[in-house]
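no sequence for this one, just the structure:
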């Protein structure tokens, strides 16, 4: 889970201006429409662990738990009430109580059309990435079983809504699974929709009389915006109260879209006509209009509404001649061959003036999950003029495109720009295009703030990265602007190469990150998992990054510390414990190469699959403890080897079931200790004195070995964190290997060291002597 920002500021919930409701939750009917209320449970619980049960070193900076919230796909939704609750109680891994005042401010983020882009850690975003703050509220965590927070949104935009919730940052300690108390917070979100039915439709060019019954019952109408609409003119006239007095009304155009809402609000007073003009409206969508009376109570208001549209005549380049030129270019073109867009450059000024925009055909190619490439049919370069903008449509309407990153890269061909001081201005916007990119506008549409870009001879390249783009039709508008006026640009043109694509993770999270596709409640989105101290949305923040020297040092510490098993192996071989020596050699080998493969940076070497190396390392570690304690018990050899094999098989099965379970190590240790203590008690009773009987054995071998083992267990279980893992885990290797060398029992008294080699030499000598004697007799 992600974490809140350092200052803990979240925000306050919005105010919902909803119709007056009766005691049973149903609204009173109005003259404009009837109401009905329905409840939709749209997401389940999202689990958010408040402690880290994993003993793995890797601290994945994952994406927040995101859940999709769907409003009815209709513009008739008027008000939605979203109760969100956290349930559960536990203590923070660092010992902090989550219900304490310092930890009460937890954040929940809302966004329309795409998952919220949040930055709770305060890390850096990649260059050229546009980040707008998400709408967020705070939820108070207390010792109560369940905490509920309500958020009211009036006239929400039709489509998908998203919620992201997170808990505080973990302490970073690596805890053994089973030693810490696990805790899970359940995040449950329900949506209650109060929906309008039979909403009046305002027809373009036709005045529609309406009546507002009372100030508590506002009037709701809708109007459909056709394609290629350049401007809408809305007029409110003949406004009068039932008492024949001047009326005061407020008109709200548009729907609420979080985190930013661009509703147009005007207040009309008196009998004069009230009007508003909107440019660049969302095409082929319903526009909601709400009119509410600000006058005295129980006074109805009568008025007339009129909406008229100004259409835009598009000039398309997707003609048959363009496809012919495209086929010729695909067949083969040399360096001097004309580009497919050369015909556009030959178009005279009079033809350009007759169009308000120039369409460029774009083909969407789905490459993979959340991976799309946009290809221009007329070639990668487009011609840009000053008379009208060049428009490209980038379709992001599949419903699964908002979980990636939209990348738009523009490259200006300097040789094609006839006016040296001219500038190519571009705007990337959602839902509706910007049809006039002059110097007075700032890349904004009627209900959306676009992303501006500019190209010139001094800066010929521009890039835009939109993180989690909104599900909608996106438009790229380009227009040529001259500083001294558009008259000097009438005959000028510019060639701009457009590269647009949708990728799960920008730059594939770089060399220090891994791109992961995450699924939450049926919704798929992408996120980066950073390593080696790198952080940020695309793992580009090197504030806490490890240097190459630190990465090499960490690799050397974790791998070379396993060489401390060499003394234990030598002692085992010297004392004729060949099976134990083989197990230690196996553990040393796989532990060395597992940690060489487990490194997060560039100092990595994997001789086989990572999962295989990890399993072998865990298996060797537990089996080494098992055989060492059984060897100390001094039971009969046949029984010892049977326990060796049987225990190793059971340990292998247990690791396959749960590799990180605490009982994988504690179970064999406890069972082996019971066998050892029972054997020592048996030997002590049989010999009628303490076993082992030598005080030197206790002082110089057992007590130092037990001390090293306890220190190693303490470091492993209670001191390891993500920051000091390289040092503490290396100390664990050294202490465990050193304790094994001290704890191995002495060899049997009747055996001499290296007796097996002496026997082989003796046998060879006897055979040689026999042959010599036979030869002499012969």
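Arrived safely. Just so we're clear, the structure is a prediction, and the values are computed from it rather than from any experiment. Numbering: from 1, shown residues only.

partners of the biggest strand by length in the chain, with directions?
Ranked by residue count and defined by DSSP state E, the top strand of the chain is strand 229-241. Paired neighbours of strand 229-241 in the sheet (DSSP bridges): strand 274-279 (antiparallel), strand 301-311 (antiparallel).

got these as JSON lines, with mean neighbour count and distance to residue 404 columns?
To be clear about C-beta, it is placed using only N, CA and C from the backbone, and glycine gets the same treatment. Supplementary listing: those in JSON lines, determined by neighbours: other CB atoms under 10 Å; distance: least, CB to CB, whole Å:
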{"stretch": "strand 274-279", "mean neighbour count": "16", "distance to residue 404": "30"}
{"stretch": "strand 301-311", "mean neighbour count": "18", "distance to residue 404": "34"}
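
and of those strands, who's closest to residue 240?
When the strands paired with strand 229-241 are compared for distance to residue 240 using CB to CB, the nearest one is strand 301-311, at 5.7 Å.

how far is that closest one from where the chain is centred?
The offset between the C-alpha centroid of strand 301-311 and the centroid of the whole chain comes to 45 Å, using CA atoms, centre = their mean, to the nearest Å.

which outside residues touch it?
Residues external to strand 301-311 that are found in contact with it (CB atoms under 8 Å, 6 or more residues apart in numbering): 202, 204-212, 221, 223, 225-226, 228-242, 247, 249, 289, 291, 293, 295.

that older thread, among the strands paired with strand 229-241, which comes closest to residue 686?
In terms of CB to CB, the element of the strands paired with strand 229-241 nearest to residue 686 is strand 274-279, at 99.7 Å.

Could you identify the helix or strand that succeeds the closest one?
strand 285-293 (DSSP states H and E).

List the buried residues of that next one.
Using 16 or more other CB atoms under 10 Å as the test for burial, strand 285-293 gives 285-293.

Now for those: which two are most distant?
285 and 293 (27.2 Å).

for the longest strand of the chain, the distance to its chain's centre please.
Centre-to-centre, strand 229-241 and its host chain are 44 Å apart (CA atoms, centre = their mean).

helix or strand right after that strand?
Scanning forward in sequence from strand 229-241 by DSSP H and E, the next helix or strand is strand 248-253.

and the angle from that following strand to strand 301-311?
Strand 248-253 and strand 301-311 are oriented at 30 degrees to each other (axes from the mean of the first three to the mean of the last three CA atoms, to 10 degrees).

what's the helix or strand following strand 248-253 packed up against?
Note on strand 248-253: by DSSP H and E, the next helix or strand toward the C-terminus is strand 264-269. Under the contact criterion of 3 or more CB pairs under 8 Å, 6 or more residues apart in numbering; DSSP states H and E, strand 264-269 touches strand 248-253, strand 274-279.

Tell me the buried residues in strand 264-269?
Within strand 264-269, the residues that count as buried by 16+ other CB under 10 Å are residue 268.

what lines up beside that strand in the sheet?
Taking DSSP bridges as the criterion, strand 264-269 forms sheet pairs with strand 248-253 (antiparallel).

what angle separates the partner strand from strand 285-293?
For strand 248-253 against strand 285-293, the angle by the same axes, to 10 degrees is 160 degrees.
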